[in-house]
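[1] generate a structure from the sequence data that follows.
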Amino acid sequence: MTQRFDRFKDAEWFGDKTVLIGGCGGIGSWLSLFLSRAGFTEVIYDDDKVEEHNIGGQLYGIKNVGSTKVDAIAEIIYQFTGDRRVHVFCSRMNKTSPTNNYAFAAFDNMKARKEMFENWLESYEHEKDAVFIDGRLTAESFQIFIAKGNDPISIQDYKNSLFDDSEVEDEPCTLKQTTHMAAMIASYMTGLFTNFIVNIKEDMEVRQVPNLHTFYLPNLYYE
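    So this is what the prediction gives:
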């Protein structure tokens, strides 16, 4: 065990666990860093390349422009953690993609979420130690949906949250994502995941893992 884990190596959630991340954009890039720094081994899928407009909301710099997002995030993780235990695939996830009991959806479209969830559900429905965490982000708010393998209510709630991409409300193309909100949702997703791990270890609900967590950036209005 390296010294980089000394500050939290006795945490109940700490241990060698593998997580699957679908998407490496605004949510997934920050999430990949946070989960890696918490000591988790990652499998990451994304078929996109870094473009200059990504820098305003995603964990990439100018030198990453033109690189695949998965290659760029693997190098960033190494720079921040010294960890090479990152398995990256420059491909789009679909109905035949591998799954994992710990799965994170960090996509910008509903079709990818639905396919990843269906893969996960087919393998891990009724499994206690399995969780699917989906993050949805706007410029000033976010939602985190959580489905637990042995919790039919959370699974049904998540199914109810899925809809067709054609129903997504359009927002101004210049107001879809910010770095601070992307980092914030990723940190919440990481924290809710570690809460889930603690509950599994304790075999009881000792930490909150809601089916849905919603956050809006506070606004003050004056008359």
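[2] for the closest residue to A130 other than its chain neighbours, give me its contacts.
    In space, and not counting its chain neighbours, A130 is closest to G149: 3.2 Å by Cβ to Cβ, 6 or more residues apart in numbering. C-betas here are computed from N, CA, C, even on glycine. By Cβ atoms under 8 Å, 6 or more residues apart in numbering, the contact set of G149 is 101, 124-131.
[3] give me the neighbour count for H53.
    H53: 12 surrounding residues under other Cβ atoms under 10 Å.
[4] give me the pLDDT for it.
    We have a pLDDT of 92 for H53.
[5] got a list of what the nearest residue to G61 once chain neighbours are set aside touches?
    In space, and not counting its chain neighbours, G61 is closest to I55: 6.7 Å by Cβ to Cβ, 6+ apart. If you count contacts by Cβ under 8 Å, 6+ apart, I55 has them with 61-62, 65.
[6] and A106, how close does it get to F14?
    Noted for A106: a distance of 23 Å to F14, by Cβ to Cβ, to the nearest Å.
[7] and those two? which has more neighbours close in?
    A106 (31 against 16).
[8] now that one: how far from L20?
    Going from A106 to L20 by Cβ to Cβ gives 11 Å.
[9] list the buried residues for the strand or helix carrying T190?
    Element membership for T190, per DSSP states H and E: helix 179-202. Under the neighbour-count criterion of 16 or more other Cβ atoms under 10 Å, helix 179-202 has 181-186, 188-200 buried.
[10] residues touching the spatially most central residue of the chain, list them.
    Note on the chain: the residue nearest the mean C-alpha position is F104, at 4.3 Å, using Cα atoms, centre = their mean. Shown in contact with F104 (Cβ under 8 Å, 6+ apart): 19-22, 28, 31, 35, 132-135, 189, 193.
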